[in-house]
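Trainee: Pasting the sequence and the predicted coordinates here, then a few questions.
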Amino acid sequence: MAVAANKTGVVAPSWVVSLSPRPQSEIGSFALTPSKQYDLRAPVSASERATAVANHEVETVFQSDGRAFSSSSTGLRDGLTGAVYVVGLYEEGLLVCNP
């Protein structure tokens, strides 16, 4: 609410994740041996917030405590170039991350 009110020095965290369907051939084996931890390359793993599911893989694409980029609302990864584009609800401009 403080970000929406445009209070000085206030930021909101940003977290962009990618959800990718697993191939049907992997779903059965995943269900037999569910991993409690996933997304381990992220500063804060998504596995700390949500349980793993068999039919989708979750990967953190961008994460910030709000100081680097605040209030992310949409993230897009270009499949050809690998670039990531993020917009923030109360942020000015567009964040572009190149691989």
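Mentor: Sure thing, it's come through.
Trainee: Which is the succeeding secondary structure element to the lowest-mean-pLDDT helix or strand in the chain?
Mentor: Lowest by mean pLDDT, DSSP states H and E among the helices and strands of the chain is helix 24-32, with a mean of 70. Using DSSP states H and E, the helix or strand that follows helix 24-32 in sequence is strand 56-64.
Trainee: Can you name the element that comes right after that next one?
Mentor: Downstream of strand 56-64 (by DSSP H and E), the next one is strand 72-77.
Trainee: So which residues make contact with that next one?
Mentor: 14-18, 61-62, 64, 83-89, 91, 95 (CB atoms under 8 Å, 6 or more residues apart in numbering). For every residue, glycine as well, the C-beta is placed using N, CA and C.
Trainee: so where's the chain shaky on pLDDT?
Mentor: Scanning the chain for pLDDT under 70 picks out the ranges 29-35.
Trainee: Identify the bridge partners of residue 15.
Mentor: Counting by DSSP bridges, residue 15 forms beta bridges with residue 63.
Trainee: how close does residue 86 sit to residue 8?
Mentor: Separation of residue 86 from residue 8 (CB to CB, to the nearest Å): 23 Å.
Trainee: Counting neighbours around each, name which of those two comes out higher.
Mentor: residue 86 (21 against 5; other CB atoms under 10 Å).
Trainee: helix/strand/coil for that one?
Mentor: strand (DSSP: H, G, I helix; E, B strand; the rest coil).
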